[in-house]
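K.L.:
The following comprises the amino acid sequence and a computationally predicted model.
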Amino acid sequence: MGSLRHRVRITALQILFEVDATDHAIDAVYARRDEDEPLVADGERFLHRLVFGVWEHRTYLDRIIEEAAPNWPITQMPGIDKAILRLALFELLIDDLEKTPIKAVINEAVELAKQFGSDNSSRFVNGVLGTVVSRYRSGHDLL
């Protein structure tokens, strides 16, 4: 299931990046990706939950990102970094179904950043997620 989940996260990242960077409707982008790369039922459910969960909660997720990275306004952040952070934070803070271990979510996000982001993306993503997790663990209200 590990490699399936990795593939699903890549697909989710691509959908979220495209929808955020263009005016394409999320339903249309999702449907096209599904036709291009059909997934087994478990993968499909995970993808649907990630994509539509992140999109539905993006305002909340963006506030958390801005709090954790105050020197990087969300509007100036590279789109791929923003999509990776939204995806990881959704898994860490909102998705109660999967309960993916924190370390696994962060490692996956860093890998995605290395694969798709700039030279600094993996360090940036790791730093933001580390900040959020330490605040969360220390009992700070996230918002």
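P.N.:
Now that the structure is in, tell me what you want to look at. Numbers count the residues shown, from 1 in each chain.
K.L.:
buried ones in the lengthiest helix in the chain?
P.N.:
When the chain is parsed with DSSP state H, its longest helix is helix 2-21. For helix 2-21, burial by neighbour count (16 or more other Cβ atoms under 10 Å) applies to 5, 8-20. Placement of C-beta: from N, CA and C, glycine included.
K.L.:
again with stretch 101-115
P.N.:
105-106, 108-113.
K.L.:
just stretch 122-135 next, same as before
P.N.:
122, 124-125, 128-129, 132-133.
K.L.:
Closest one to Ala25 out of those residues, please.
P.N.:
Val125 (27.3 Å; Cβ to Cβ).
K.L.:
got the contact list for the closest one?
P.N.:
By Cβ atoms under 8 Å, 6 or more residues apart in numbering, the residues touching Val125 are 81, 84-85, 88, 109-110, 112-113, 117.
K.L.:
Show me how far the helix or strand it falls within is from its chain's centre.
P.N.:
Per DSSP states H and E, Val125 falls inside helix 121-137. From the chain centre to the centre of helix 121-137 is a distance of 13 Å (Cα atoms, centre = their mean, to the nearest Å).
K.L.:
In this structure Ile102 contacts Ser134, no?
P.N.:
No: Ile102 is beyond contact range of Ser134, at 10.7 Å (criterion: Cβ atoms under 8 Å).
K.L.:
shared neighbours of the two, anything?
P.N.:
Common neighbours of Ile102 and Ser134 (Cβ under 8 Å, 6+ apart) do not exist.
K.L.:
list the contacts for the most centrally placed residue in the chain?
P.N.:
Nearest to the geometric centre of the chain sits Leu87, at 1.2 Å (Cα atoms, centre = their mean). Neighbouring residues of Leu87 by Cβ under 8 Å, 6+ apart: 9, 12-13, 16, 50, 54, 109, 112.
K.L.:
Alright, I will stop here.
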